[in-house]
Every structure is written in structure tokens, then in C-alpha cells.
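Trainee: Okay, predicted coordinates and the sequence, questions at the end:
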Amino acid sequence: MAVHNADIAAALDQIADLLELQNANPFRVRAYRNAARIAGGLRFDIAARLARGLELPKIPGIGADLAGKIRELAARGSCELLDRLKAGAPAGITDLLRLPGLGPKRVRALHQELGIGSLAALQRAARDGRLRALPGFGEKTEQRLLAAVSAHLSKARRFKLALAAQYAEPYAAWLRKAPGAREVVVAGSYRRMKETVGDLDFLVSAQPRNRVIERFTAYAEVREVLASGATKASVRLASGIQADLRVVPPGSLGAALHYFTGSKAHNIALRRSARERGLKVNEYGLFRGAQRIAGDTEASVYAALELPWIPPELREDQGEIEAARRGALPHLIELGDLRGDLHVHTRATDGRNTAREMALAARARGLQYVAITDHSQRQTLVHGLDAVRLAKQIDEIERLDRELQGITLLTGVEVDILEDGSLDLPDSILSRLDVVVAAVHSRFNLPRARQTERILRALDHPLVRLLAHPSGRLIDERDPYDVDMQAVIRKARARGVCLELNAQPDRLDLSDVHCRMAKDEGVLVCINSDAHAADGFEVLACGVGQARRGWLERGDVLNARPLSGLRRLLNRGRS
DNA sequence: GCCGTTTTCGGCCCGACTGTTTTCAGTCG
């Protein structure tokens, strides 16, 4: 079984957890956490690279020791240190660290004093009233932990971005009406457009003697107030999502916005940079000694460090600060740059609207072209198109294209890649289409070598122009299939095929890391809605957010091209 | 555990809130 970068990252994080429980040097713990983050963000496959006999490149934060650990992890999925740490601790003990209110010190006390090493054991002890006997634990803590275990066992703790937006925006609107409130911003991973959001971070600038905290906790959807002080508060909503609020004076909004947007790694890197200049950054501003020299706006914070403003989507300490320093930040793609959509379904298969309705909806959104790409015959459940029905649809689309003004319809199909890598429809019909989108919809669990071979063969097909949802993952629901993405991207470059960034909130496939890999290799990405209804183009905003996290610029995106440029690229390699 | 044209040792980001600790540790973001 291949070891993926994510596996290495998870192992390094587990080492950090276990070291922390041993009361190890906190900076040693941090080094492992940092290494986990770095490993998860690398744009090459560590195990594959090492297997080819290449060395790890020199990476800041990864010294000789950690490089050795990573080599060991890549080779066998674990390392001597991790084995030893795991042997010395109960298997479930790191689960306890995931509970809000429990950190390493208290978990250690639970284990040493009460022998608690799992969520189940903690639940039993709390129910029996045994926790309150421990020093530092009281009745309130006991009740809170009991509730936290139940919540943890019963539901996923992160929300997909588009879902989080449904909770965040009305709540923000409610806060804007608080007496004294000036500006209300949703910061945190929400502002950075992460695929999923753990909680909502509201930041409000307000005059003195405002009533923002009161209004925050009085919101109708608040089920529980977790904390409430003079300037910050936390609540849990009926939906289970946690919301945090910080109230700052108007003059501090920039510094606070920067602070609460994160990521934590980006903030730490920036503060280190400030320290080196004899400055200090906190949520109130940027200081030289006691004197505040910036912080009214985010840009002023960066400017005081001689940096341009860095877009939130890039703030992961994945090279953005160095790029900013060199003046080499990307000009990120924007929603308005998209000219079309090359992956749309209709009632012919599993969509809800007709091709005409989809075309009109695309036009209303300001798109210049849209490709109708229904499923192929293999998808029997959704009445996938065989060659005869597809031929009729092509005629219909061409007729519609002549009739409708202000939008160009392209003919297409989302054709299944069969298990052997061949396509689910004959070339005789595929060759009539403007765009052939190929996709894997079956046999997700093939071994890596066969899955990779299957997809590479499909990319070799001369009519394939686009690979849809290349990893097949569904966020928090289905793992990506085991495929050598580096090989897929190289093949795509060799064949002039584009990779889709499917904008569905539960897919967002390509990932941000894979977007950067594609960009590095010069492979164009196509941000598609995969809309199944006329209102389905809204998700393009999520796709653009993901693309921005992947450092993509307008020139890296196929469907940011005007129609003429698009046609040239689609026809490339055809006779 | 990492890192260094001030350094190979001694640093390593910063502040708010909670609970139970009567003065602050632990946790969180």
C-alpha cells in the first residue's frame, strides 16, 4: 500500500500528540506539527520520489532528523519513534486531545490518576462523577466533557464551506444590526475559502459601550453560550457549528482581521518576521516598543513589514511570504474571469432542467459558453446516453445554439472511463463533439498501479480533452481513489489534456495542492460547476476559491479563455 | 527539533477567557 503525503502528515501529527502527552519540549512538538503541515502541502509525492532514489529537497523546518523520520514513514508507514510512542500509550488516548477543553496536561492527569485512555473510558468516568475528584477538575468541567464526548461521537466536526456560508451570512447580517457595530467580517478558514470550516469566526469593529456581545449571544439559533467576556464570546448553534466572536475598536480592525483570518502558520511566520525587525504583531496592531505603527488596515500591517497585501486564500505559510517579498505573488483568478462552463447536465440524464434552461441560466450568470455534458450509457441508473441518444442530443444542441443569442452552446459528454481505461462510447460519436470529458465513476478501489494505468490510458485517447474530478474524492465521505496524481498530471501535459477543478462543494477536486502541481507542470485547469440544475452555477464561486488556494491565475484556467481561445485549445491535436 | 552575516547555544508568536488555583495554569485560537 502506497504511503501518501497525507499519511506522512498524519503520522507526524500523531508523534506530536504523543510527545505532547509525555510533556516533551514544546518546541520539539511544534517542530513535528510544522513538519506535518509541510508534508501535507508538498506538491510532489514523497514516497514516489524516494522510491526513485531521489533525495528530499532541502526544506526549511525539516532538518536532518525529521528528514530521516519522513524517509522511514514513506518507506513503511511508520517509524521507530512512532512505534515506541504508540507502544507506551493507550491506543485511544490521542482521541481525547480532540475534545474541546482537554489539552495534553489534563489528558495526562486523566490517564495517570484514573487510567483513562479512550473516549469511552472518559465517558464512563464522567458519568460516575469520578472526574471532579481530580485536582483542577470540577463539576462544571465534568459536565462539559461529558457533553463534548457525546458531541464528538455523534457528528462530523467540520462543515463544508458552502454549508457554513448558509449559517454564517444570516448571522453576520444579524450582528450588523447590533448597537455600536461598524464592520462585521467572517474571518478564519471561511475567509481563506478552505474546503471545510471547523467553526465560524466573526470579527466586529465597534464603538465603546456597544452591544455586540449581547446581540451575538441572543441570536435565535444559539443553543449554548460557551464563553462570554468583555471582548470575545463563543457559542454553539443548534446546527452544532461553533461560532466565535471578537469585538475590536475600529482602529484595530486591520490587525484583528489579519490575526483572525490566519492561518495560524501564516501568522506565526509573519510574527517571526516582525520580531527579526524588532517589531511585535498582535491583534491590536503592529508595535515598535510601546508605539503602535500600523494596524488600521490589513495592508498597513503587511506594508510595515515591507510586504504587499497577501490574499487570504494564500495565507498558509506555503511560500506566500517569500513570494510576496520577491514581488512574485500570483494575480489570482477571480469569479468574473470565468467565461464558460464545460461540465453541465440536463434532464437527458440526471439533471433537473432542459438544455435550453441550462443555457439561459448560464447566460444570466454572464457566461459566454456552456458545454452540455450528460452521462454515457454505462451510467444506467441515470439513463446515460448511448450513441443514438447522444446523436439526437447533438442535433438538438446545435439547433439550440443557432437559436439562442448571447450564449454559445457546445456539444459534449461526460464519458465513463471503463475499468480497462477504454471509453464508454465509440469514437464515431465522440468525434462529433466539441468537448469530451472523461471521468471515473466505478471501480474506485482498484490498486494504485491499475487505477493509474486506467486513467493514463484514457488520457491517451486522442479525443479526450478534459479529465473530470480527477481524484474522485468526496470530502469527508469518500477517499480519493489510489492514483499516482503526479503521473496523471505529466500525462495530461504530454497529451494537452486539461484537468477539471470540479466546483461541487463536496468534491472541490482538484485539491489546492494538486492545482499547484498542475500549474507547476503547465497543465491547464478547468473550473466546472457540474451543474445538475439551472441554479447549479452558484458553486463556481467555491471552485474559484479553491483555485485561488491553489495559486491559479487567469492564464492557468481553460474556461477563463474567450471562446476563440477555447476552441483552439479543444481542437489541438485533432486532424 | 530547527536554526544562525549579531548566534553552533539559546532562543523559538501572542493574548483572552475559564475554572477553581486564592494568584494562575491550562486551553484555545
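Mentor: Cool, the structure landed.
Trainee: before we move on, what SS does residue A:120 have?
Mentor: Three-state assignment for residue A:120 (DSSP: H, G, I helix; E, B strand; the rest coil): helix.
Trainee: Give the burial count for residue A:461, as a bare number.
Mentor: Residue A:461 has 19 neighbouring residues, counting by other CB atoms under 10 Å. In this view, the C-beta of every residue, glycine as well, is placed from N, C-alpha and C.
Trainee: Which residue, other than its chain neighbours, is closest to it?
Mentor: residue A:423 (6.0 Å; CB to CB, 6 or more residues apart in numbering).
Trainee: The one you found pairs with what?
Mentor: Beta bridges link residue A:423 to residue A:417, judged by DSSP bridges.
Trainee: Could you check how far it is from residue A:158?
Mentor: Per CB to CB, to the nearest Å, residue A:423 is found 36 Å from residue A:158.
Trainee: who has more neighbours, those two?
Mentor: Neighbours around residue A:423 and residue A:158, counted as other CB under 10 Å, are more numerous at residue A:423. The numbers are 21 against 17.
Trainee: How about residues contacting whichever strand or helix holds residue A:391?
Mentor: Assigned by DSSP states H and E, residue A:391 belongs to helix A:387-403. With contact meaning CB atoms under 8 Å, 6 or more residues apart in numbering, helix A:387-403 is reached by A:348, A:355-356, A:359, A:372, A:374, A:376-377, A:385, A:408-411, A:413, A:425-426, A:428-429, A:432-433.
Trainee: which regions of chain A sit below the pLDDT cut-off?
Mentor: For chain A, the stretches with pLDDT under 70 are A:1, A:154-157, A:572-575.
Trainee: OK, contacts around the residue nearest the centre of it?
Mentor: Note on chain A: the residue nearest the mean C-alpha position is residue A:195, at 3.1 Å, using CA atoms, centre = their mean. Residues near residue A:195 by CB under 8 Å, 6+ apart: A:160-161, A:475, A:508, A:511, A:546.
Trainee: State the distance from it to residue A:317.
Mentor: For residue A:195, the distance to residue A:317 - CB to CB - is 18 Å.
Trainee: Looking at chain A, which residue reaches furthest from the middle?
Mentor: Quick read of chain A (CA atoms, centre = their mean): farthest out is residue A:133, 42.1 Å.
Trainee: element containing residue A:513, please.
Mentor: helix A:512-521.
Trainee: Can you name the helix or strand that residue A:236 falls in?
Mentor: Applying DSSP H and E as the criterion places residue A:236 in strand A:232-237.
Trainee: With residue A:247 instead?
Mentor: strand A:242-248.
Trainee: is that strand anywhere near DNA strand B?
Mentor: Yes - against DNA strand B, strand A:242-248 shows contacts by CB under 7 Å from any atom of the strand at A:242, A:244.
Trainee: Would you list the strands that that strand pairs with, along with their directions?
Mentor: Strand pairing (DSSP bridges) places strand A:242-248 next to strand A:199-206 (parallel), strand A:232-237 (antiparallel).
Trainee: Could I get the contacting residues of the closest residue to DNA strand B within chain A?
Mentor: Of all residues in chain A, residue A:138 sits closest to DNA strand B, at 1.7 Å by CB to the nearest atom of the strand. Under the criterion of CB under 8 Å, 6+ apart, the neighbours of residue A:138 are residue A:132.
Trainee: So for the strand holding residue A:236, what gets flagged as buried?
Mentor: A:233-237 (16 or more other CB atoms under 10 Å).
Trainee: how much space is there between the residue of chain A closest to DNA strand B and residue A:144?
Mentor: 10 Å.
Trainee: Next: residue A:205.
Mentor: 31 Å.
Trainee: of the two, who's got more company?
Mentor: The residue with more neighbours, out of residue A:205 and residue A:144, is residue A:205; 23 against 18, by other CB under 10 Å.
Trainee: beta partners of that one?
Mentor: According to DSSP bridges, beta-bridge pairing links residue A:205 with residue A:183, residue A:248.
Trainee: Fine, thanks again, bye for now.
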